[in-house]
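In: mind looking at a prediction? Sequence and model below.
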Protein chains: 2
Amino acid sequence: MKMISGGVCAAKGFKASGVHCGIRKNPHKNDLALIVSDVPCSAAAVYTTNLVKGAPIILDKMHLADGIAQAVICNSGKANTCNANGLEIAKGMAELAAKHLGIKTEDVLVASTGVIGEPLDLAPIEKGMPSLVAKLSDEDCLEACLGIMTTDTKPKEVAVEFKLGGKTCRLGGIAKGSGMIHPNMATMLVFLTTDAAISPAMIQKALSGDVQKTFNMISVDGDTSTNDTVVLMANGLAGNKEITEEGKDFTTFMKALNTVTVDLCMRIAADGEGATKLLECIVSGADTELAAKTAAKSVITSSLVKTAMFGEDANWGRVLCAIGYSGADVDVNKVSLEFKSIAGSVKLCENGAGVPFSEELAAKVLHENEIDIIISVGDGPFSATAWGCDLTYEYVKINGEYRT
Amino acid sequence: MKMISGGVCAAKGFKASGVHCGIRKNPHKNDLALIVSDVPCSAAAVYTTNLVKGAPIILDKMHLADGIAQAVICNSGKANTCNANGLEIAKGMAELAAKHLGIKTEDVLVASTGVIGEPLDLAPIEKGMPSLVAKLSDEDCLEACLGIMTTDTKPKEVAVEFKLGGKTCRLGGIAKGSGMIHPNMATMLVFLTTDAAISPAMIQKALSGDVQKTFNMISVDGDTSTNDTVVLMANGLAGNKEITEEGKDFTTFMKALNTVTVDLCMRIAADGEGATKLLECIVSGADTELAAKTAAKSVITSSLVKTAMFGEDANWGRVLCAIGYSGADVDVNKVSLEFKSIAGSVKLCENGAGVPFSEELAAKVLHENEIDIIISVGDGPFSATAWGCDLTYEYVKINGEYRT
């Protein structure tokens, strides 16, 4: 497997584009994106578990009932959530895309991200459709990446190439997600494409399984968005024998998918609102996978751990505290803890009690912008990784002023 | 019932004091406090549910096994948590207090608050004991208040006077708690005293019941401390007939207790680390008490709601979002929302969808420093209140630099 460029355009037969259509006031910021396959795809999606759901999610569940999709249209700036006419607007977006692409409305998925509760108007989207379609590219998805961004500071794309039964396949994705990031069973907006052939049942199984270890393990601020959506579309144009059951090909496919999703997770966490540091928390030695995941996610979600990391302060007691209240079934008297970065590593705690450490070395380790928080909770066989970021002045600034 | 001054010294036969003994470097900051009753008391306590527990909590559970206590000694600066010799040190504190007060070691409760994992030394405490005892006052508990503070900016004390069977009783308390505040079944440090006569069984029942609606309903940063403790001591010197069962007297006592604890909750939330605003979230119309409490606590815990309040931005979609992911069993299509302060009130959402509102009025309402977030989730009979504060630059600053 190798990393390649192209994002959602890397796989055969996929095109993408993005434009500014006028939902946002700033004319230099794209606010509409389109991804389309030359042929209908097996498709799967996972969505937010928030009871307050964006209208596009309700539409997508209907459109994906048959496991088939061909395009995704997505706007940023307004979330189309808590709007009385939300479903009608989402349907209007699908119809506009279908009409301009010459495909079925039911094969168009819709996503929205931005301010909750502000009415979304179809007029700018209708006006933007011709240029959105005209700009479709099978090489470069940067404009689409830009079109789905909100407070993100960097576009996020990645792709891999791998073999299935001798055929070269590709799988790539784009993502947005910077605040209101604490996915639960689903995630922010992530669009994944592949030219591998895989049945609707198996593609949903692959995606649902993968997100448990990837997008569900990141947190920027503990808030689960109303619009979280991950879509994976497979058009089969790579020519491999369709994956219809578990086995070697499915395992290879899962590995390719996981490579792409872990990469996007790290990009989302590193670009968390106001973040200056990417935090990776690895918990090992747990007796159950649930305990490992619960502890890891609790640590990277703790405001006190996050501010200590921003302050480059080896205040390790806060990590122990976050494990202790996480609800994870662990023996706190067996916990050991280490902070690690490219500058080195420093051990802070063993068997639940502090050990003497060099403050100088700790300061050097924490001064880097990618910090590993390495925790062992015992001798059990399970481990888990979670990704987060520090909590900074800039996070407060961005979110004190977001709507205005 | 009337509010009176005196805090933990308001009730007959209780004295308190505080000194700087040298645990903290700053000689102007008290770091040791003592509360003592002239006679042994019925006593109850509730503690943190964090698996990582301060050593004093382990000791207190042993000392309170008989439901009797006579004094509390508390230090700030170091939490005596995750220390290999923690229990030995906590026991040493109890022995020192017992020796200098001439009471039983088993009747002394111990509490500590401060940095987790830094070793706590008995030497400064031993040195400070004579002046701590010499300064005991039955009128003023300000020095004790100051002795238990960490990042608190204000001492927190309150007391009430009420009648039980014609006898005048008093109940008062002091509290500390500014960060790592997200109590779960227990809370930060709160010491309550009363001269009412009440049996050990009924005092524990009163306290355990009350915290569910008071201290368990506040959050500053979502982090549940390792040292949370609430102690209530009743010495019976008011001369009322001892409360030994439910009934009119117990109801009166519960009301007095709740008046004091709600007041302390609001003081703790208003003085949350870096806070500029006190948030009170009232959820009504729920089908169960659990749903009302879960929704209310989720709203005041949300980083995005908290930053919007700091920015005085009527970004109400974030409140809906926080209800939606809270896990509370509510119909989001029945939710209505209003922001209210002394400047007025503004309705933002009805039946789960936004309603037009005056941005000018909203800005005026949110400019105040006490904001009510008033939510109705339907026609059910249950309601709940939670208290929190905004998330500010200052919170990040305090916690990026706390240990150093």
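Out: Everything's here; your move.

In: for the rest of this, base every contact and every neighbour count on C-alpha atoms.
Out: OK.

In: quick check, A:N399 in contact with B:L304.
Out: Yes: judged on Cα atoms under 8 Å, A:N399 makes contact with B:L304 at a distance of 6.5 Å.

In: who's more crowded, these two?
Out: B:L304 (30 against 27; other Cα atoms under 10 Å in any protein chain shown).

In: hang on, isn't the more buried one packed against A:D223?
Out: Yes: counting by Cα under 8 Å, B:L304 does reach A:D223; the two are 7.3 Å apart.

In: report pLDDT for A:R403.
Out: A:R403 carries a pLDDT score of 64 in this model.

In: and A:L279, what element?
Out: strand A:278-286 (DSSP states H and E).

In: that strand near chain B anywhere?
Out: No: shown here: strand A:278-286 not in contact with chain B (Cα under 8 Å from any Cα of the partner chain), separated by at least 15.3 Å.

In: okay, now the sheet partners of that strand, with direction.
Out: strand A:370-376 (parallel), strand A:382-389 (antiparallel) (DSSP bridges).

In: just say which of these is most tucked in.
Out: strand A:382-389 (a mean of 26; mean count of other Cα atoms under 10 Å in any protein chain shown).

In: who touches it?
Out: Strand A:382-389 has contacts (Cα atoms under 8 Å, 6 or more residues apart in numbering or on different chains) with A:213-214, A:217-220, A:265-266, A:269-270, A:272, A:275-289, A:292-293, A:296-297, A:300-301, A:306.

In: and stretch A:213-222, by the same measure?
Out: Contact with stretch A:213-222 is made by A:178-187, A:258, A:261-262, A:265, A:269, A:272-273, A:293, A:297, A:300-301, A:384-389, B:302-304, as judged by Cα under 8 Å, 6+ apart.

In: now, which of the residues you listed lie within helices?
Out: A:N258, A:T261, A:V262, A:C265, A:A269, A:K293, A:K297, A:I300, A:T301, B:S303, B:L304 (DSSP state H).

In: and the helices in chain A?
Out: A:55-63, A:86-101, A:123-134, A:142-147, A:200-213, A:248-270, A:289-301, A:303-310, A:317-324, A:359-366, A:393-400.

In: make CSV from those helices and add mean pLDDT and distance to B:A159 to it.
Out: As requested, the helices of chain A are arranged in CSV below (pLDDT from 0 to 100; distance: least, Cα to Cα, whole Å):
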stretch, mean pLDDT, distance to B:A159
helix A:55-63, 95, 51
helix A:86-101, 98, 52
helix A:123-134, 98, 61
helix A:142-147, 95, 58
helix A:200-213, 88, 50
helix A:248-270, 91, 47
helix A:289-301, 94, 37
helix A:303-310, 93, 32
helix A:317-324, 92, 32
helix A:359-366, 96, 44
helix A:393-400, 87, 36
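
In: which one, of these, ends up nearest to B:G147?
Out: Of all these, helix A:317-324 sits nearest to B:G147, with 22.0 Å by Cα to Cα.

In: in the strand holding A:L279, what's buried?
Out: A:L278, A:L279, A:E280, A:C281, A:I282, A:V283, A:S284, A:G285, A:A286 (16 or more other Cα atoms under 10 Å in any protein chain shown).

In: same question, stretch A:329-344
Out: Going by neighbour count (16+ other Cα under 10 Å), the buried part of stretch A:329-344 is A:D329, A:V330, A:V332, A:K334, A:V335, A:S336, A:L337, A:E338, A:F339, A:K340, A:S341.

In: wait, the fourth one touches A:G378, no?
Out: So the one you mean is A:K334. Yes: A:K334 is within contact range of A:G378, at 5.5 Å (criterion: Cα under 8 Å).
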